[in-house]
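Chemist: sequence first, predicted model second:
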Amino acid sequence: MTELRRIAYYFRRKHFAMFGLILVLALVTVAVLAPHIAPNNPHAVSRDRFLSPGADARYPLGTDNLGRCVLSGVIYGTRVSLFVGLAAAATSTFIGILIGSISGYFGGKTDAFLMRFTELFMTIPRFVLALIVVAFFGSGLDRLILVIGVLSWPGAARLVRSEFLSHRNLPYVDSGRVSGMSHLRLIFVEILPNIIPPVIVVATLDVATAILLEASLGFFGLGDPNLRSWGGMLSRAQSHIRTAWWMSVFPGSAIAVTVLGFNLVGDGLNEAANPRMQIEGGST
Amino acid sequence: MKHARKNMVVFALLLLLVTPAIFGGGATERPVTVRDDMVIALGSDPEHLNPAITTGYPVAAVTADVYSALVWRDNEGTPQPDLARSWDVSAGDTVFTFHLHDNVQWHDGEPFTSADVKFSMDEVLSQYHGRFERIYGRIASIETPNDSTVVITLNEPYAPFLISLTVFDAPILPKHIFEGQNVFDHAATTAPVGTGPYRFVNWDRGNQIVLERNENYFGDAANISRVIFQMIPDENARTVALQTGEVDYIWGFYLPSAGLAELRADPNVEVWQGVRIPALHFLFVNNDSEPLDNPLVRQAIMHAIDRDLIVDLAMEGLGNTAIGPMGAAFPYLYDESFDLSNLYPYDLERARALLDEAGVGEFELTIVYDSGRPAFADAVDIMRDGLSNIGVRLNLQPQERSVMIESVYMQRNYDLSMQSFTSGGDPSIGYHRIYITQAFGTPFVSATGYSNPEVDELLAEAAITVDLGRRGELYRQANAILAEDLPLFPLFEEMSVEANNRELTGLRESLDVRDKIGRARWAD
């Protein structure tokens, strides 16, 4: 609990981290309450198209080329972005923990093999592979999460491994080993809880990466077409960028704000968990 | 790691910043000078400049006035004399005797003769031209009794034969250059030698292709002395180039519909729209998929698709929804009695009533479409909104083109699929394939599974009936049946659009806008 208290103390002192946390909480609120906040059905088309922001009280942020409400689209898009971001980060963290812990705990040949495998994965251009996979297997939300998750785990795996390496020979692990605990128990019950804080940091930053990746795929027309997403809105806005700036500026800002929020929180957590970094970056 | 994170934040902020950076490009004064050239925009380099071995759009665009053919088609689609100054047709509509112009010269000075026609058709077009290959299968023989006569004999009458002899389907190549050569590698495949009103000057890849007037042209000499094809890959940049006067003419193929509103508002630009070579946009319906096997359900869905809204929003007004199952642009096959906008207007009450009558509740349909067509995506979004009002949920499946072909035509794994088919200038070339009985597995024919022997027979007879009165009668009978069966949902007939410098006149004097550009002239 001291860990939590330290983080809370740190967040109160660091305005940037706090600002990030407020952003993230606000976004979560918007996502949860989307049907109640959105002024319109985000899919409803109308002949009132290309209305600029403020031109019509019914559409505070204007309408797109099919007369759909931009504000409602941005609000519902929060759901897609956060859901994909969180689910994909959870997936990648899960895979990362699995591979990293086995690698770090057993060491030796297992470690060497798993780390070469991880490095192999790191050399794959993620975005290009995601493009290909989604283009050929279709782009449902489930597939997006899986693709992004499966392509993003190496960072977490390497972190977990290095933590395990430093823990595997500590006295509490040795004593557990001597008392006859199974490997499984040692890995998941004894060591893992001790390395959670840095994993959370990486997971938080993975959320931001995943959101950006989902938006990029959407921008290339490979998001889930059945949902209004920020990337998808940007994609359609391209050809109208000279005449209807609001079609791209608002979803674009939403992406920027969200990624910024998660990064600030991640940085804050990271610094709170590493007292040394607090001194380095203390002036903020 | 930390560095990467910073990059990400920077990238996210950039998304914000690039937006305003693209603005700008206000009105520019255009220079007032006497012009003797014309700049036409292309989206990309042609793959080469030999129209006999491809059906690609830009190749024909550049070469349609460098090469000639036996005939050209006027605005009404009627064949007019080109290399052939006249022709006779035998009583049975199977023997065509073409009398060629004398004293026609190739751009290199060699004389043109009937041997060039026979060589082009027998040796090149029949092998390498996608559309002529099929026409060639109907030809029994090509004879050249003398230098200025060509006699072509068909196996059986074929109504659209003459119109298949234009420069787009049957350009005539110089025998003295290509005979015995590999047409794909030959220098004249990238530096063409033709008989047309313009001769090829040079090709600066990625930048421009220059043509200049052929002073020895056998017909009326071109008005403008130089034609420059300017490559502009970005579609927004093409629109801007027209507004700044850098480009004089953009064909619909290269004109982004999103830029139309802006062009229409520009006093220096003329935007033309209308039907040229008719093309139909429609939804294939999988007739084997429940509940679409029920005609009542198909009719209900047709009532819940707001075709006018699709045309206005997704197509920027470029479509006609008052059509029969084969459109309305060929006047002889259209009749108000089977006009789909009268039979199935957008009417949600009626749609619900039909679904009740059919006894089906709410259901979901998968709609497959080419992900590379933004207008399709917009149209599908509009349909989804309309259909959601009658309890039909559309599951959108945009697919990469080759994947789409596989799932729609090969696997028939779809409920609805948005498609656009060109008529090819005649219903028997482009539209029969949409409705006749087809074993599935061939791309770009009917994928519906619909089979009506009566329709098959009527259309087969129409293809070999040359008399237009009788032909129209057959088509009207077939269309009346199709309008009731509704094996697929015709949405609208496409309208072409073009934009040009307002000072430029004499455009659009042939059916395909790419030929006869020699008639263009600058206003005084």
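Modeler: That came through fine.
Chemist: start to end distance for stretch B:217-233?
Modeler: Using Cα to Cα, to the nearest Å, one end of stretch B:217-233 lies 33 Å from the other.
Chemist: the stretch 301-450 of chain B: helices as residue ranges?
Modeler: B:307-309, B:340-343, B:348-358, B:374-388, B:401-405, B:427-430, B:432-435 (DSSP state H, counting those that start in this stretch).
Chemist: contacts for the third one next, please.
Modeler: Same thing as helix B:348-358. Identification of contacts with helix B:348-358 by Cβ atoms under 8 Å, 6 or more residues apart in numbering or on different chains yields B:291, B:294, B:296-297, B:299-301, B:303-304, B:386, B:389-391. Yep, even glycine has a C-beta here, placed from its N, CA and C like the rest.
Chemist: run the last query once more with 10 Å
Modeler: Outside helix B:348-358, the residues within contact range by Cβ atoms under 10 Å, 6 or more residues apart in numbering or on different chains are B:291, B:294-306, B:344, B:347, B:360-363, B:386-387, B:389-392.
Chemist: also the first one?
Modeler: When contacts are defined by Cβ under 10 Å, 6+ apart, helix B:307-309 is touched by residues A:45-47, A:66-67, B:281, B:319-323, B:340-341, B:344-346, B:379, B:382-383, B:385-386, B:489-492.
Chemist: could you report the separation of the residue nearest in space to the middle of chain B from chain A?
Modeler: Closest to where the C-alpha atoms of chain B average out (Cα atoms, centre = their mean) is residue B:422, at 5.4 Å. Distance, residue B:422 to chain A, using Cβ to the nearest Cβ, to the nearest Å: 23 Å.
Chemist: so that residue sits right up against residue B:329, yeah?
Modeler: No: contact criterion Cβ atoms under 10 Å: residue B:422 and residue B:329 do not qualify, at 11.3 Å.
Chemist: next, show the common contact partners of those two.
Modeler: Counting by Cβ under 10 Å, 6+ apart, the residues touching both residue B:422 and residue B:329 are B:277, B:278, B:279, B:280, B:494.
Chemist: how about the fourth one, secondary structure?
Modeler: Per DSSP: H, G, I helix; E, B strand; the rest coil, the secondary structure class of residue B:280 is strand.
Chemist: how far away is it from chain A?
Modeler: 22 Å.
Chemist: what's the answer for the last one, then?
Modeler: When distance is defined by Cβ to the nearest Cβ, residue B:494 is 18 Å away from chain A.
Chemist: over to the first one?
Modeler: Between residue B:277 and chain A the distance is 25 Å, computed by Cβ to the nearest Cβ.
Chemist: pLDDT score for residue B:1?
Modeler: pLDDT for residue B:1: 44.
Chemist: domain map for chain B?
Modeler: B:1-34, B:67-178, B:196-275+B:497-522, B:279-494 (automatic domain parsing).
Chemist: so which of the ones you listed comes closest to residue A:125?
Modeler: domain B:1-34 (14.2 Å; Cβ to Cβ).
Chemist: got the contact list for the closest residue to residue A:146 other than its chain neighbours?
Modeler: Closest residue to residue A:146 apart from its sequence neighbours, by Cβ to Cβ, 6 or more residues apart in numbering or on different chains: residue A:91 at 6.9 Å. Going by Cβ under 10 Å, 6+ apart, residue A:91 touches A:145, A:146, A:147, A:148, A:149, A:150, A:151, A:152, A:153, A:206, A:210.
Chemist: which residues touch residue B:129?
Modeler: Counted by Cβ under 10 Å, 6+ apart, residue B:129 has contacts B:50-55, B:120-121, B:135-136, B:168-171.
Chemist: which non-adjacent residue is nearest the closest residue to chain A within the stretch 201-350 of chain B?
Modeler: Going by Cβ to the nearest Cβ, chain A is nearest to residue B:258 of the stretch 201-350 of chain B, at 3.8 Å. What sits nearest to residue B:258 in space, not counting adjacent residues and going by Cβ to Cβ, 6+ apart, is residue A:239, at 3.8 Å.
Chemist: which residues touch that neighbour?
Modeler: By Cβ under 10 Å, 6+ apart, residue A:239 lies in contact with A:65, A:247, B:235, B:236, B:256, B:257, B:258, B:259, B:374.
Chemist: could you redo the last one with a cut-off of 7 Å?
Modeler: Contact partners of residue A:239, counting by Cβ atoms under 7 Å, 6 or more residues apart in numbering or on different chains, are B:256, B:258, B:374.
Chemist: so which of those wins on neighbours?
Modeler: residue B:258 (22 neighbours; other Cβ atoms under 10 Å in any protein chain shown).
Chemist: I'd like the contacts of residue A:91 as JSON lines, with distance to residue B:225 appended.
Modeler: Listed next are the contacts of residue A:91 as JSON lines, based on distance: Cβ to Cβ, whole Å:
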{"residue": "A:145", "distance to residue B:225": "61"}
{"residue": "A:146", "distance to residue B:225": "61"}
{"residue": "A:147", "distance to residue B:225": "56"}
{"residue": "A:148", "distance to residue B:225": "58"}
{"residue": "A:149", "distance to residue B:225": "63"}
{"residue": "A:150", "distance to residue B:225": "61"}
{"residue": "A:151", "distance to residue B:225": "58"}
{"residue": "A:152", "distance to residue B:225": "61"}
{"residue": "A:153", "distance to residue B:225": "65"}
{"residue": "A:206", "distance to residue B:225": "63"}
{"residue": "A:210", "distance to residue B:225": "59"}
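Chemist: which of these lies closest to residue A:114?
Modeler: residue A:153 (11.6 Å).
Chemist: report pLDDT for residue 98.
Modeler: Assuming you mean chain A. For residue A:98, pLDDT reads 94.
Chemist: please go with chain B instead
Modeler: Reported pLDDT for residue B:98: 97.
Chemist: so it: helix, strand or coil?
Modeler: Relying on three-state DSSP, one would call residue B:98 strand.
Chemist: correct me, but it touches residue B:71?
Modeler: No: here residue B:98 does not reach residue B:71: they are 8.7 Å apart, not a contact under Cβ atoms under 7 Å.
Chemist: what sits in contact with each of those two?
Modeler: residue B:84.
Chemist: from residue A:225, how far out is residue A:110?
Modeler: Between residue A:110 and residue A:225 the computed distance is 43 Å (Cβ to Cβ, to the nearest Å).
Chemist: pick out whichever of these two has more residues nearby.
Modeler: Between residue A:110 and residue A:225, counted using other Cβ under 10 Å, residue A:225 has the larger neighbour count: 25 against 13.
Chemist: pretty sure the more buried one contacts residue B:398?
Modeler: Yes: counting by Cβ under 7 Å, residue A:225 touches residue B:398, with 5.3 Å between them.
Chemist: sorry, back to before: from the shared contacts of residue B:422 and residue B:329, which has minimum pLDDT?
Modeler: Least confident of the shared contacts of residue B:422 and residue B:329 in the model: residue B:277, at 85.
Chemist: how many residues are close by that one?
Modeler: Other residues close to residue B:277 by other Cβ under 10 Å number 19.
Chemist: burial of the residue nearest to it when sequence neighbours are not counted, as a residue count?
Modeler: With Cβ to Cβ, 6+ apart as the criterion, residue B:277 has its nearest non-adjacent residue at 5.5 Å, and that residue is residue B:425. Using other Cβ under 10 Å, residue B:425 has 22 neighbouring residues.
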